[in-house]
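Visitor: Just the structure for this:
(one chain, ligands or ions: 1)
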Amino acid sequence: MIATAVAVLAVAGCSNRDTEAAAATPVVHVAETGGSLKGDFGPPQGKPIDAVLTSPPNVPPPTGRNYPAKVIVTLDVVEKEMPISEGVTYTFWTFGGTVPGSFIRVRQGDTVVFHLRNMPDSKMPHNIDLHGVTGPGGGAASSFTAPGHVSRFTFKALNAGLFVYHCATAPVGMHIANGMYGLILVEPPEGMPPVDREYYVMQGDFYTTGKYREKGHQNFDMQKGIDENPTYVLFNGSEGALTGDNALKANTGENVRLYVGNGGPNLVSSFHVIGEIFDKVWFEGGTRFNENVQTTLIPSGGAAIMDFHLEVPGSYVLVDHSIFRAFNKGALAILKADGAERPDIYTGKEVDAMYLGDRAAPNLAAVSTAAQSAKSGELTVEEQVNAGQALFAGTCSTCHQANGEGMPGVFPPLAKSDYIAADAKRVPQIILHGLQGPVTVNGKDYNSIMPPMNQLTDDEVANISTYVLNSWGNKGGRVTKEEAAAIRKLKPANASEGH
Ligand SMILES: [Cu+2]
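Guide: Just a heads-up that it's a prediction; the model follows:
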């Protein structure tokens, strides 16, 4: 019955039937690799080799070997406080002192002697589960390590691929949420095809008691973790880990390879590079590659390898295309490509502030400086202005323009605004509660809507306001964090009040 129906459809499909049939049945050109059954599995040869471990975003060089060896890996567990965002610190638990942990590179068939050392000043026991290990727990049971102790286990790398490793000590979710994950590449026997540059990027979701970018030291929030409601979604453990001065670098004409992992603990990544198309994606970190891919899914506890050739210079933005995560939780990194313009391929301008937001600036050091001074009660107006300027670029300049002039008939000017001059407190008020309905600014009428930006923290509102009050010929003044907090609690203002 069904077969007949298909045959009829096929006949009805007429002239380009063959092409359609070919498209529906993908031809697999690559032979099976044999998984864990086939490889260079003889006894390790030569002297034992100390594995080269690298900190992100660096990747160790290819093993360059055509024989199996005994490879010694020594990985240290370090609990340490590091910035998670500008002016925000967090106590990370790490493999090798970084988030993600050190990158490990071996060859299929290698015998890996793994030493896990937990530093004496650690507060917690830890272990490691490597997804590239064949054996119950992936090493977890044999590597449970108390502070100040070392444990050792050996495994043979049977399957080639890019694998996640992570801590699996209870509560597992908490250990992973604190940054305990990294990648191990098990090269296929013939190695990976050579490229000009390789980088290591890993996504993770983070759960802090304070809201996104709330300054000071932040603690882990277990309930947010259970609810899968992250405060931050980050590449390489910190906002700004791969932006501004820390952006990944390459030149046009080069082939770039990214080894991208997702530590989770909760989210699945829709990994995308704005302005590029992946020439190849070894999806799920396995042996097969797909070609010409825009966005690739990277599951929690999974990885992918992607290659692309750079033709056009400029900033390419790595994002999780679940896009609120990129622009409101930090999942944004930049690859800067240098080289001559290629108007034959692309005539557009350098990626605009729309995509980079406040990450367009070389760094957000002014924001951390202001946070430090605020903590010690010595915050100056100048520090507030500097911090506010960096944030204005990402939040306000799209509409009001970097020079505060606005756009005629659409966005009112903030420069020399008589509307602001009438009452300086209108600035934080409007930022937090928005503005709609008719307003007159410098003799011109506007009747539009500015959406509230209450996702900003109190000190961000205070600093942006202070920047506006002290810029472009405005009268000066200052808004404090406390004032911003008080205004947040008020009801939205009526736009026409005072007019
Ligand atoms: Cu742990």
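
Visitor: Who does the residue in the stretch 1-150 of the chain that the ion sits nearest to form a beta bridge with?
Guide: At 3.3 Å from the ion, residue 126 is the closest residue in the stretch 1-150 of the chain, using C-beta to the ion. Every residue, glycine included, has its C-beta placed from N, CA and C. Applying DSSP bridges to residue 126 yields these beta-bridge partners: residue 145.

Visitor: before we move on, what about residue 83?
Guide: Applying DSSP bridges, one finds that residue 83 bridges with residue 89.

Visitor: what residues are up against it?
Guide: Residue 83 sits next to 89-90, 238, 240, 368 when contact means C-beta atoms under 8 Å, 6 or more residues apart in numbering.

Visitor: Would you state the predicted confidence (pLDDT) at it?
Guide: pLDDT recorded at residue 83 is 97.

Visitor: Likewise for residue 137?
Guide: pLDDT, residue 137: 85.

Visitor: if we can go back for a sec, is the residue of the stretch 1-150 of the chain closest to the ion in contact with residue 145, as I believe?
Guide: Yes - in this structure, residue 126 is within contact of residue 145 by C-beta atoms under 8 Å, at 6.0 Å.

Visitor: Have a look at these two and say which one is more surrounded.
Guide: Between residue 126 and residue 145, counting by other C-beta atoms under 10 Å, residue 126 is the more crowded of the two (25 against 22).

Visitor: quick one: pLDDT of that one?
Guide: Reported pLDDT for residue 126: 96.

Visitor: Any figure for the gap between it and residue 75?
Guide: Counting by C-beta to C-beta, to the nearest Å, the separation of residue 126 from residue 75 is 10 Å.

Visitor: what do these two both touch?
Guide: The contact lists of residue 126 and residue 75 share residue 116, where a contact means C-beta under 8 Å, 6+ apart.

Visitor: helices and strands around the helix or strand hosting residue 257, which ones?
Guide: Per DSSP states H and E: residue 257 is located in strand 255-264. Packed against strand 255-264 by the contact rule (3 or more C-beta pairs under 8 Å, 6 or more residues apart in numbering; DSSP states H and E) you find strand 161-166, strand 181-187, strand 197-206, strand 269-274, strand 295-298, strand 302-309.

Visitor: how far does the third one sit from the chain's center?
Guide: To tie it back to what came earlier, the one meant is strand 197-206. Relative to its chain's centre, strand 197-206 lies at 7 Å (C-alpha atoms, centre = their mean, to the nearest Å).

Visitor: Neighbouring strands - and their directions - for the helix or strand just after it?
Guide: For strand 197-206, the following helix or strand on the C-terminal side (DSSP H and E) is strand 216-218. Under the criterion DSSP bridges, strand 216-218 sits next to strand 88-95 (parallel) in its sheet.

Visitor: Just the buried positions in the partner strand, please.
Guide: Buried residues in strand 88-95, defined by neighbour count with 16 or more other C-beta atoms under 10 Å: 88-95.
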